[in-house]
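In: sequence plus predicted model, see below.
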Amino acid sequence: MIKDFIGNTPLSRNDYLSKRYKTNILIKEEYYNPGKSSKDRAAWFMVEDAIKKNKIVEGGTFVEASSGNTGISIALIAKKLGYKAKIFVSSSCSDEKIELLQSYGAEVEPCDNSNGLHVFNSTQYLAQSYSANHPNTYFTNQYYNSNNIRAHYKTTGPEIWDQTNGEVTHVLVGVGTGGSISGLGRFLKERKKTVKIWGVEPLNSVYKLYMNNIPIPDEDIRFDAIEGIGRTFIPGAFDKNAVDHIFQISKEKTINMAQLFREETNQLLGFSSAAVVAALDEFIESMSLKPDDQVVLFFPDHGNRYINKLYKNQKPIESITDNYNASI
């Protein structure tokens, strides 16, 4: 059963980052999941729940609005269980992700934006509309599905706790739907009130406003296009009580950090993983980290899904990607 291979991903100390920032930097390597991203966790919980509650029968179609990774996870799991998938993706979705979706048999529907259920032509609006008008379909709705949070409360949080022997002091997580940070944050704060749960989003995204009790503007919001994180609305899958602070980082700084990390370590960061490292780099002084801290960086996917966006001008790329694929 595919669920037996989801989760229990490695947590590894990164010597380069630990030396650079003079503390213990640990990487939660979510690209060791079957679909090579953290979204396998939420996808399994959402799909399993729908099947158990008879919201869909075998041969039906799972529908999702996704920047790519959740869609890939749902398509993979659906195919393994005898279902189909239809994924509504935003225009910013990488070519590599679209190719993966299609390789898992998903029908891919490009959309103008991903600005929420109430915005016409958004991924969420069109996914919900499609499911409402077609029999034997189920819209997993990651932005408002409580199983998104539950997956990380039940799996990711406990893994980080056990892998650090309860010594984790900080976790940095890119914030997209909010499910990852909310779920693992809830669990870890129940175990250790002093742990700091920090989110990372692009410039002009709205989570920082929400955390500071500032109203979300009515006008069109355009945040830096860092794939996988950032929102123009606050999803139901985000729990502000599980989060201590939100850092904002620019797309330019994120790309520069991805390329620097590649040059220094010969490893490829995913887009939102690079944003997490970029935030660490930019705000390191205000973070006041101590040498004996245990700082977990949540890396939801691998850089081989962003070759054209982040690394196309850097060589050699092929050998790194091949080695990664061979290791999974």
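Out: Thanks, I have it.

In: kindly check the end-to-end length of stretch 220-231 for me.
Out: End-to-end distance for stretch 220-231: 12 Å, by CA to CA, to the nearest Å.

In: hmm, who's touching it?
Out: The contact list for stretch 220-231, computed with CB atoms under 8 Å, 6 or more residues apart in numbering, reads 67-69, 92-94, 115, 174-176, 178, 200-207, 232, 249-251, 254, 270-272, 275, 300-301, 306, 309. From N, CA and C alone the C-beta is placed, and that goes for glycine too.

In: okay, now the unreliable bits of this structure?
Out: Residues of the chain meeting the criterion pLDDT under 70: 315-328.

In: show me the contacts of stretch 220-231 that map onto strands.
Out: 174, 200-202, 249 (DSSP state E).

In: which one of these is nearest residue 287?
Out: residue 200 (12.1 Å; CB to CB).

In: which helix or strand contains the closest residue to the closest one other than its chain neighbours?
Out: Once flanking residues are discounted, residue 200 sits nearest to residue 279: 4.5 Å by CB to CB, 6 or more residues apart in numbering. Under the criterion of DSSP states H and E, residue 279 resides in helix 271-282.

In: hey, C-alpha coordinates of that helix in CSV?
Out: The C-alpha trace of helix 271-282 is given here as CSV (Å, rounded to 0.1, in the frame of the first residue of the first chain):
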residue,chain,number,x,y,z
PHE,A,271,11.7,27.1,-4.9
SER,A,272,10.0,27.3,-1.5
SER,A,273,13.0,25.6,0.2
ALA,A,274,15.2,28.3,-1.2
ALA,A,275,12.9,30.9,0.2
VAL,A,276,13.3,29.3,3.6
VAL,A,277,17.1,29.5,3.4
ALA,A,278,16.9,33.0,2.0
ALA,A,279,14.7,34.1,5.0
LEU,A,280,17.2,32.5,7.4
ASP,A,281,20.0,34.4,5.7
GLU,A,282,18.2,37.8,5.6
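
In: give me the contacts around it.
Out: 17, 21, 25, 172-174, 176, 198, 200, 202, 226-229, 247-250, 253-258, 261, 269, 287, 295, 297-301, 303, 306, 309-310.

In: what's the nearest residue to residue 100 if we skip its chain neighbours?
Out: Residue 100's closest residue in space is residue 72 (CB to CB, 6+ apart), at 5.2 Å.

In: repeat that for residue 34.
Out: Once flanking residues are discounted, residue 34 sits nearest to residue 5: 4.9 Å by CB to CB, 6+ apart.

In: helices along the stretch 151-300 of the chain, start to end?
Out: Counting by DSSP state H, counting those that start in this stretch, the stretch 151-300 of the chain has these helices, from start to end: 157-163, 179-191, 207-211, 251-265, 271-282, 284-287.

In: dump those helices to CSV, plus distance to residue 125.
Out: Output for those, formatted as CSV (distance: least, CB to CB, whole Å):
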stretch, distance to residue 125
helix 157-163, 32
helix 179-191, 20
helix 207-211, 21
helix 251-265, 25
helix 271-282, 24
helix 284-287, 38
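
In: pipe those helices into JSON lines and attach mean neighbour count per row.
Out: JSON lines is the format used below for the helices of the stretch 151-300 of the chain (neighbours: other CB atoms under 10 Å):
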{"stretch": "helix 157-163", "mean neighbour count": "19"}
{"stretch": "helix 179-191", "mean neighbour count": "25"}
{"stretch": "helix 207-211", "mean neighbour count": "19"}
{"stretch": "helix 251-265", "mean neighbour count": "18"}
{"stretch": "helix 271-282", "mean neighbour count": "26"}
{"stretch": "helix 284-287", "mean neighbour count": "12"}
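
In: wasn't residue 20 part of a helix?
Out: Yes. Residue 20 forms part of a helix when assessed by DSSP: H, G, I helix; E, B strand; the rest coil.

In: any idea how far it lies from residue 260?
Out: Distance of residue 20 to residue 260, computed by CB to CB, to the nearest Å: 10 Å.

In: in this structure the residue nearest to residue 34 contacts residue 32, no?
Out: No. Shown here, residue 5 and residue 32 do not form a contact pair, counting by CB atoms under 8 Å, at 9.3 Å.

In: great, nothing more from me.
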